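Student: quick check, what structure comes out for this input:
(one chain, ligands or ions: 1)
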Amino acid sequence: MNPIRIGILGYGNLGRGVELAVAANDDMELVGVFTRRDPASVHPYGENVAVWAADELAAHTDDIDVLVLAGGSATDLPEQTPAAAALYNVVDSFDTHANIPEHFAAVDAAAREAGHVAVISVGWDPGMFSVSRVYANAIMPNGADYTFWGRGVSQGHSDAIRRIPGVVDARQYTVPVPAALEAVRSGANPELTTRQKHTRECFVVAADGADTAAIEEAIVTMPNYFADYDTTVTFVSQEELDRDHAGIPHGGSVIRTGTTGENGENTHVIEYSLKLDSNPEFTGSVLAACARACARMAAAGETGCRTIFDIAPALLSPLAPEELRATML
Ligand code: NDP
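Tutor: Down below sits the predicted model:
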């Protein structure tokens, strides 16, 4: 079997994660990376990986089976994924949950028109967490859902702190409240407020002479981002931030507790949990598995947009169906 030929559009944290994931799978190979920056300034891990300008996207349709989009959800993917789906089978990790239906419609139209398969919004949330929610709800109609995130770095919250005047750099960790997690896992079905579920820890580098009390006040009172949480702010030097907070860990738990029995007397707890040293490397690994499924759906003549809900588990696996039945069932 010829390897699945992969391209990557956008080479940031996630783009690098996708490259490492492709290298870890024998049935796929990375052909090239597209970037909007000067291609000479982008250096993939693989020495034989080509780097092309993003405006040459249309020039390599014969070389690539699946294009993995690794741009940002805020402004890149809403434009890039529909445009790319007109040229390639594509996979993206679009994670603005509220806008997924709109993104799906735009990508679906482009992919159908061009006769391609597009897989959107895969990663861990949305992605593996979403699968867990669907299985748990289908199995346990009487119950309640909980999602806890962390301990992990939230890029969006870190960016929000960096925009405050006097802030040079910042890292924000989202941390689940242990007592809340315990109460949920016990099957007690607690009703929890935003503040009761997560705390936020901020490590901030302030400019020389900046008013740190004012910065702290601006953070803890920031609507939507911090005001609804118990937030701690610790000022550190740039050296400390670089030394102690350079990683991009994340993870969390999706939990559904439910009851069965004539009078609901039996309680069940379903939990899917992730502890990730590297958010982009894990997300890239999910994208690579979904690229395999995308190539298979395209080879079977399918067209249009899919989410993780539409991908049968066997399509994600490098193992043949008989091997799967013998080893994993
Ligand atoms: P980055 O900011 O590292 O990269 C985004 C894009 O920025 C790159 O594709 C790159 O495009 C561009 N870029 C511009 N300048 C630079 C530079 N100096 N260095 C690196 N890249 C640069 O974001 P991430 O890769 O961390 O995340 C991408 C998206 O992945 C997030 O927006 C999020 O939506 C999604 N995600 C989804 C998850 C899920 O579970 N579904 C989980 C984690 C992330 P170019 O090469 O064209 O310049």
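Student: from here on, just use CA atoms for contacts and neighbour counts.
Tutor: Noted.
Student: buried stuff in stretch 203-211?
Tutor: 203-206 (16 or more other C-alpha atoms under 10 Å).
Student: wait, what's in contact with the most centrally placed residue in the chain?
Tutor: What sits nearest the mean C-alpha location of the chain, by C-alpha atoms, centre = their mean, is residue 123, with 3.9 Å. Contact analysis of residue 123 by C-alpha atoms under 8 Å, 6 or more residues apart in numbering lists 93, 282-284, 286-287.
Student: among these, which one has the most neighbours?
Tutor: residue 287 (31 neighbours; other C-alpha atoms under 10 Å).
Student: what sits up against the helix or strand where it lies?
Tutor: Using DSSP states H and E, residue 287 sits in helix 279-299. For helix 279-299, the external contacting residues (C-alpha under 8 Å, 6+ apart) are 4, 6, 13-22, 28, 65-66, 68, 89-93, 116-119, 122-124, 248-251, 276, 303, 311, 315-318.
Student: which of these are close to the ligand?
Tutor: 13-15, 93, 122-124 (C-alpha under 6 Å from any ligand atom).
Student: surely residue 145 meets residue 255?
Tutor: Yes - using C-alpha atoms under 8 Å, residue 145 is in contact with residue 255, at 5.9 Å.
Student: neighbour-wise, which of the two wins?
Tutor: residue 255 (24 against 15).
Student: check which helix or strand covers that one.
Tutor: Per DSSP H and E: strand 250-260 holds residue 255.
Student: quick one, phi/psi of the residue nearest to the centre of the chain?
Tutor: Main-chain dihedrals, residue 123, degrees, to the nearest 10: phi 160, psi -130.
Student: next: residue 20.
Tutor: Per-residue torsions, residue 20: phi -60, psi -40 (degrees, to the nearest 10).
Student: just the pLDDT for the nearest residue to it once chain neighbours are set aside.
Tutor: Leaving aside its sequence neighbours, residue 20 sits nearest to residue 281 (C-alpha to C-alpha, 6 or more residues apart in numbering; 7.4 Å). Predicted confidence (pLDDT) for residue 281: 98.
Student: who's in contact with residue 119?
Tutor: Residues near residue 119 by C-alpha under 8 Å, 6+ apart: 90-92, 290, 294, 305-308.
Student: run a quick neighbour tally on the residue of the stretch 51-200 of the chain found nearest the ligand.
Tutor: Closest approach between the stretch 51-200 of the chain and the ligand, counting by C-alpha to the nearest ligand atom: residue 72, at 3.1 Å. By other C-alpha under 10 Å, the residues close to residue 72 number 18.
Student: what sits against it?
Tutor: residue 94.
Student: so what's it scoring on pLDDT?
Tutor: pLDDT at residue 72 comes out at 94.
Student: rewinding a little: with secondary structure and pLDDT added, can I get the ones next to the ligand among the contacts of helix 279-299 in a markdown table?
Tutor: A markdown table is the format used below for those (DSSP: H, G, I helix; E, B strand; the rest coil; pLDDT from 0 to 100):
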| residue | secondary structure | pLDDT |
| --- | --- | --- |
| 13 | helix | 96 |
| 14 | helix | 98 |
| 15 | helix | 98 |
| 93 | coil | 98 |
| 122 | coil | 98 |
| 123 | coil | 98 |
| 124 | strand | 97 |
